[in-house]
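Predicted structure and sequence below. I'll ask about it afterward.
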Amino acid sequence: MATVLHDLHVSMAEAAVNRHLERRAAHLLTDPAFTAWAHTFATVIGDRPFLARRLREWTLLRAVALDEPWAAEELTTASDWFQRTATVVLVVTSHEVLSLLAERGRTRRVRNAASRRLQDLDQRQSDTIHKS
């Protein structure tokens, strides 16, 4: 990755590294190896604002998915990409997260998607209770 980031075509280099970041982070999201990988990746990308923000948002997505500590402000100030992703990835099942995004998401698309996910989760929970 460090070699790619030294390419003269900065935007192309960052796009390639971001693609790798997206695939690897998605693969490791709930894996314990994520933390060490993210630390190493942060060292490689250095002070590149877009890549650093995307890595922080993947780390936040991991915290949300694993029910680890997070702050409401982190979610409400996160990028549209993060908010959309948090509403569609199945590992995010926190009613608190989805309710916050349904109420205070940056876009109508995010608010609607979060509301639908909440309804789906509530329906599944209801179905499970009725089957018992």
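Arrived safely, thanks for sending. Residues are numbered from 1 along each chain as shown.

Which positions within the helix or strand hosting T43 qualify as buried?
Element membership for T43, per DSSP states H and E: helix 34-45. Using 16 or more other Cβ atoms under 10 Å as the test for burial, helix 34-45 gives F34, W37, A38, F41, V44, I45. Just so you know, the C-beta spots here come from the backbone N, C-alpha and C atoms, and that holds for glycine as well.

which helix in the protein runs the most residues?
Across the chain, the longest stretch assigned as helix under DSSP state H is helix 108-131.

on that earlier part again, helices or strands up against the helix holding T43?
Packed against helix 34-45 by the contact rule (3 or more Cβ pairs under 8 Å, 6 or more residues apart in numbering; DSSP states H and E) you find helix 2-5, helix 10-28, helix 49-65.

can I get those in CSV with mean pLDDT and mean neighbour count?
Formatted as CSV, the helices and strands packed on helix 34-45 follow (pLDDT from 0 to 100; neighbours: other Cβ atoms under 10 Å):
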stretch, mean pLDDT, mean neighbour count
helix 2-5, 66, 12
helix 10-28, 89, 15
helix 49-65, 96, 18
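
and of those helices, who's closest to F82?
Nearest to F82, of all the helices and strands packed on helix 34-45, is helix 49-65, at 4.2 Å by Cβ to Cβ.

if we can go back for a sec, distance from the longest helix of the chain to the middle of the chain?
19 Å (Cα atoms, centre = their mean, to the nearest Å).

Give the other helices and strands that it contacts.
Judged by 3+ Cβ pairs under 8 Å, 6+ apart, the packing partners of helix 108-131 are helix 80-88, helix 95-104.

check contacts around the residue nearest the centre of the chain.
For the chain, L61 is the residue whose C-alpha lies nearest the centre (Cα atoms, centre = their mean; 3.4 Å). Each residue near L61 by Cβ atoms under 8 Å, 6 or more residues apart in numbering is listed here: L29, F82, T85, A86, V89, V92.

Name only those of those residues that count as buried.
Buried members of those, scored by 16+ other Cβ under 10 Å, are L29, F82, T85, A86, V92.

any idea how far A38 is from the closest residue to A52 other than its chain neighbours?
Distance criterion Cβ to Cβ, 6 or more residues apart in numbering; nearest residue to A52, sequence neighbours excluded, is I45 at 6.1 Å. The gap separating I45 from A38 is 10 Å, by Cβ to Cβ, to the nearest Å.
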